[in-house]
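# What shape does this take:
(chains A and B)
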Amino acid sequence: MGINSPLTQNLMPNKTFFWFFLPTGLAMILFIGLPIISTGIQSFYAQHDQVVKEVKKCDPFGCTVSIVVDNEETTKLREAKPLGKFNGFGTYVDRNHLAIDEIKKFWNETENFGAFVDQVTNLPFYKALIFTLTYCLFVTPNVLLLGFIIALSLNAVARKIRGPLIFGTILPMIVTPLVGSLVLFWMIDSQGIIGANIQNLMNDPYLSLKSSKTLTWITIIIYGIWHHSPFAFVVFYAALQTVPQEPVEAAIIDGASRFQRIKHIVLPHIYPVVTFVALISLMDNFRVFEPIIGFSAEGSAQSLSWLIYDNLVNEEVILFGSAAATSMMTIVGIAILLAPVLIRTWKEFKTAR
Amino acid sequence: MRKILVTLLFLLFGTSAFADCNIKSGSINILANDFPALRTFVETSKQCKGSADFKVTHSSEHNKIAVPALTANPSEFSARIAANSSIVPLMNQDLIRPLDDLVKKYGKGIQDSQLITIDGKVMAVAFMANTQHLYYREDVLKDLGIAVPKTYEEVVAASEKIRASGKMQYPYAAAYKAGWNLAEEFVNMFIGHGGEFFKAGGAQPNINNAKGVATLNMLKKLSELSNPDYLTHDSEAIKVEWESGNVALMTLWASRSGTLLDDEGDPKITKATKLTGPATVGGGNIPAATLWWDGFTLAKNRSDADAEATFRALAHAASNKKMVADAADQAVWLVEGFVPGPKSIGVIEAVKMGAKPYPMLPQMGLMHGALGSEIVEFLQGKESAEQALKDVEAAYISKAKEQGFL
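Next up is the predicted model:
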């Protein structure tokens, strides 16, 4: 049985479990559940119609007549309905989110499917969704694979040097994501060590890793793999310590190759842990954010989390409704991504009972 | 850095004898952007804090903090140093107080031209002016026999000539970092083409037209003469490019000239660095630049006593002849007694040429935000100018609808 075997979980009576879980549960409701509900409510509201008036404005450069927000009128509106104007799913379907109307229009107007896809991927939400999904699809499997290979290799080296090696390996995870991405950002600068060498190698002085969209995506994905692999490695390495030695030795006597031993003994044994790491990685990667800021890659790569950030801080006017709607859709996105794994775990849990 | 310190110390001790505003109580807490002139300004106001509490936050992230911090009641800050664009969100949310009574009572040395009045009420007191203008390398231009460019068309021609000569690969630089900076360059160039951002008397966008296309095409031409990483370069990054001698022509803020011309860095480059007015574009006669003022505003959600103490301290700086004389090379001060030095050429030329101020409109921030992200793909060559402008308008309209402007 694996270390996370469902049998061990059933040993705790339900009542004990309830009291054991209560503090965590309360904290989760207070700090995660309620904010999500509040965000959800906010996403259905838009700002009141702005009441503006024409006034004279003077500054050191002269006077002009232009508009300002009429604060008296606006305050009245706000006091009557503090949440704003009810907008239903209006924010969800507008052009900066799901863009239902625009997509219908593109479908009717474009002549072939390629042009339609071009138009749709030009919309901010879908642009961000595509980058987010691409990032998840490339980073997650590679993190699992690389983490597993490193864990296997480290498990095979002499005990004496294992300590320092493990420390070196988890370093990328210790380094703050923003700092890690900034270091790489400067290295790939067209005058940085990597950027300049690539230019020399390709003999193209105009080649820039930062200005090309594809190269930026590749850089961020490689950074993501580099940053997340240690997490997979640490968990896999711990799991490898629990692999029973008897079947492995028996397999060696039977003449099984290293590859066969891993495939038939080690992998089945640590399978629950692989599921766990895959789940956590998917969730983390779907919320990719720091590397985009660290690499100043806003121009070429936007993720869903970045869209939320953009709505909240990059505008002089804060767009709470937009940010809330994108947040809710990110949660739905993560749920959809995790659904297959969760369903599978649930089924296994059922059969084990 | 040392020079700034010395100046500050000098200011502190040099004037403490005269600085007695007799403030007995209250607490002063200022939020400001982070550049030398503002530090000088705040330090000067600190001299007369009397027995009031005095705190200051200098942050380049000031825009992100301001609205939430001033919305709280009582507000975290008693004063916010704002500019044409950043006063707008404060006005929209009704977060700053009219200053008329305080100006009457304590604003003796403040000139009328410093007062920002909206609907007849003083909402801010300006103390410095700023704009983006051209910087050039005199030695490089002279060697190649190029006259100092006056229009962006000449900037392009000059840059091409410099590149052809093999002296520099990317002779032009401007802050084209995707987001706020890039949008600001669009705003400048669009105004230079005589564009209006909104249809008369409303919030409907008005950029998808010939002027918008011309603006984008000029930005693209300039970007091709810039370092290929231009989409990641902000003002600080291009300043570094300039100081490494990689650039011969640059559009940069006037307020940064002080750090470009200080004793740090290669003296040969510093000596050859010259300032001139902003360029015009497309045969227009007003410069492709916007005028900015920096001034102080007071938080509404703060006690009258705090507001009074804060105003008196800041008014002391905003009318301080000694400060503008000592820090004459840090900014173009709007304070009485300022004698413009060689570093003020850019702003003074811009004013003479009739440059327009950055539009102080409630919905301008949304347009600025939409520009910053939607024109990137055009510069990368991934879509046409018309499509990019259509995207900007569409993105703006969605946001403006959510905010209730449309």
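# Just the buried residues of stretch B:390-401, please?
B:Lys390, B:Asp391, B:Val392, B:Glu393, B:Ala394, B:Ala395, B:Tyr396, B:Ile397, B:Ser398, B:Lys399, B:Ala400, B:Lys401 (16 or more other CB atoms under 10 Å in any protein chain shown). For every residue, glycine as well, the C-beta is placed using N, CA and C.
# Report the separation between B:Pro359 and chain A.
Separation of B:Pro359 from chain A (CB to the nearest CB, to the nearest Å) stands at 8 Å.
# Over to B:Pro278?
14 Å.
# okay, how far is it across stretch B:21-28, tip to tip?
One end of stretch B:21-28 to the other measures 14 Å (CA to CA, to the nearest Å).
# hmm, back to that, closest one to chain A out of the buried residues of stretch B:390-401, please.
Nearest to chain A, judged by CB to the nearest CB, of the buried residues of stretch B:390-401 is B:Ser398 at 4.3 Å.
# SS state for the closest one?
helix (DSSP: H, G, I helix; E, B strand; the rest coil).
# so who does it touch?
A:Asp94, A:Arg95, A:Asn96 (CB atoms under 8 Å, 6 or more residues apart in numbering or on different chains).
# could you dump the buried residues of stretch B:390-401 to a markdown table with pLDDT?
Putting the buried residues of stretch B:390-401 into a markdown table (pLDDT from 0 to 100) gives the following:
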| residue | pLDDT |
| --- | --- |
| B:Lys390 | 94 |
| B:Asp391 | 93 |
| B:Val392 | 95 |
| B:Glu393 | 95 |
| B:Ala394 | 93 |
| B:Ala395 | 92 |
| B:Tyr396 | 94 |
| B:Ile397 | 94 |
| B:Ser398 | 91 |
| B:Lys399 | 90 |
| B:Ala400 | 91 |
| B:Lys401 | 90 |
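# Hmm, A:Ser181 is touching A:Glu290, no?
Yes. A:Ser181 is within contact range of A:Glu290, at 6.2 Å (criterion: CB atoms under 8 Å).
# Now restrict the contacts of B:Ser398 to buried residues only.
By neighbour count, with 16+ other CB under 10 Å, the contacts of B:Ser398 hold A:Asp94, A:Arg95, A:Asn96 as buried.
# Pass me the low-pLDDT residue ranges in the stretch 201-350 of chain A, would you?
Across the stretch 201-350 of chain A, the ranges flagged by pLDDT under 70 are A:314-315.
# Could you list the contact residues of it toward chain B?
Neighbours of chain B within the stretch 201-350 of chain A, by CB under 8 Å from any CB of the partner chain: A:205-208, A:210-211, A:213, A:295-300, A:302, A:310, A:313-319, A:321-322.
# Now do the same contact list for the residue most central in space within chain A.
Centrality entry for chain A: nearest residue to the mean C-alpha point is A:Arg287, 2.0 Å, by CA atoms, centre = their mean. Applying CB under 8 Å, 6+ apart to A:Arg287 gives the contacts A:Ser303, A:Leu304, A:Ser305, A:Thr330, A:Ile334.
# Which ones among these lie within helices?
Judged by DSSP state H, the subset of these located in helices is A:Leu304, A:Ser305, A:Thr330, A:Ile334.
# okay, A:Ser181 and A:Glu290: which has more neighbours?
A:Ser181 (25 against 20; other CB atoms under 10 Å in any protein chain shown).
# Quick one: neighbours of the closest residue to that one other than its chain neighbours, just the number.
Ranked by CB to CB, 6 or more residues apart in numbering or on different chains and with sequence neighbours excluded, the top spatial neighbour of A:Ser181 is A:Gly294, at 2.7 Å. By other CB under 10 Å, the residues close to A:Gly294 number 20.
# quick one on the thing from earlier: which one (most neighbours) among the ones in helices among the contacts of A:Arg287?
A:Leu304 (23 neighbours).
# Please list all residues in contact with it.
With CB under 8 Å, 6+ apart, A:Leu304 has these contacts: A:Ala128, A:Leu129, A:Thr132, A:Phe286, A:Arg287, A:Thr326, A:Met329, A:Thr330, A:Gly333.
# Backbone dihedrals for the residue nearest to the first one when sequence neighbours are not counted, both of them.
Meaning A:Ala128. Leaving out its chain neighbours, the residue that sits closest to A:Ala128 by CB to CB, 6+ apart is A:Gln302, at 4.4 Å. Note on A:Gln302: its backbone torsions stand at phi -120, psi 140 [degrees, to the nearest 10].
# Could you report the neighbour count for A:Gln302?
Neighbour count of A:Gln302, defined by other CB under 10 Å: 24.
# what do you get for A:Ser211?
22.
# so it, which of the three states?
At A:Ser211 the chain is in coil, as set by three-state DSSP.
# My read is that it contacts B:His233, right?
No. A:Ser211 is beyond contact range of B:His233, at 10.5 Å (criterion: CB under 8 Å).
# that older thread, of the buried residues of stretch B:390-401, which is the nearest to B:Lys177?
B:Val392 (17.3 Å; CB to CB).
# The closest one reaches B:Ile207, doesn't it?
Yes. In this structure B:Val392 lies within contact range of B:Ile207 using CB under 8 Å: 6.3 Å.
# of all of the stretch 251-400 of chain B, which residue lies closest to chain A?
For the stretch 251-400 of chain B, CB to the nearest CB, closest residue to chain A: B:Gly365, 3.2 Å.
# Look up how far B:Phe186 lies from that residue.
According to CB to CB, to the nearest Å, B:Gly365 and B:Phe186 sit 14 Å apart.
# of all the contacts of A:Leu304, which comes closest to B:Ile65?
Checking the contacts of A:Leu304 against B:Ile65 with CB to CB, the nearest one is A:Thr326 at 22.1 Å.
# show me what contacts B:Ala254?
With CB under 8 Å, 6+ apart, B:Ala254 has these contacts: B:Ala129, B:Asn130, B:Thr131, B:Gln132, B:His133, B:Leu275, B:Ala331, B:Val332, B:Lys343, B:Ser344, B:Gly346, B:Val347.
# redo that, cut-off 10 Å
Neighbouring residues of B:Ala254 by CB atoms under 10 Å, 6 or more residues apart in numbering or on different chains: B:37, B:128-133, B:135, B:275, B:278, B:289, B:292, B:331-332, B:343-350.
# Name the nearest residue to it, ignoring sequence neighbours.
Closest residue in space to B:Ala254, ignoring its immediate chain neighbours: B:Gly346 at 4.4 Å, by CB to CB, 6+ apart.
# from memory the one you found sits against B:Trp292, does it?
No. B:Gly346 lies out of contact with B:Trp292 (CB atoms under 10 Å); the separation is 11.9 Å.
# between these two, who's got more neighbours?
A direct count of neighbours by other CB under 10 Å for B:Gly346 and B:Trp292 places B:Gly346 higher, at 27 against 24.
# re the thing from before, where does the residue nearest to A:Ser181 sit relative to A:Pro272, distance-wise?
Between A:Gly294 and A:Pro272 the distance is 34 Å, computed by CB to CB.
# which residues in the stretch 151-300 of chain A form helices?
A:159-174, A:177-187, A:193-202, A:213-240, A:245-253, A:258-261, A:267-286, A:290-294 (DSSP state H, counting those that start in this stretch).
# quick one: buried residues of the second one?
Buried positions in helix A:177-187, judged by neighbour count with 16+ other CB under 10 Å: A:Pro177, A:Gly180, A:Ser181, A:Leu182, A:Leu184, A:Phe185.
# Same question for the fourth one.
Across helix A:213-240, burial judged by 16+ other CB under 10 Å covers A:213, A:215-217, A:219-221, A:223-237, A:239-240.
# The third one too?
Along helix A:193-202, these residues count as buried under the neighbour rule (16+ other CB under 10 Å): A:Gly195, A:Ile198, A:Gln199.
# Keep only the residues you listed that also lie close to chain B.
Contacts with chain B are made by A:Gly195, A:Gln199 out of the buried residues of helix A:193-202, judged by CB under 10 Å from any CB of the partner chain.
# Between the buried residues of helix A:193-202, which sits nearest chain B?
Closest to chain B, out of all of those and judged by CB to the nearest CB, is A:Gly195, at 8.3 Å.
# need the contact list for the closest one.
Contact analysis of A:Gly195 by CB under 10 Å, 6+ apart lists A:Phe185, A:Trp186, A:Met187, A:Ile188, A:Asp189, A:Leu207, A:Ser208, A:Leu209, A:Lys210, B:Pro228, B:Asp229.
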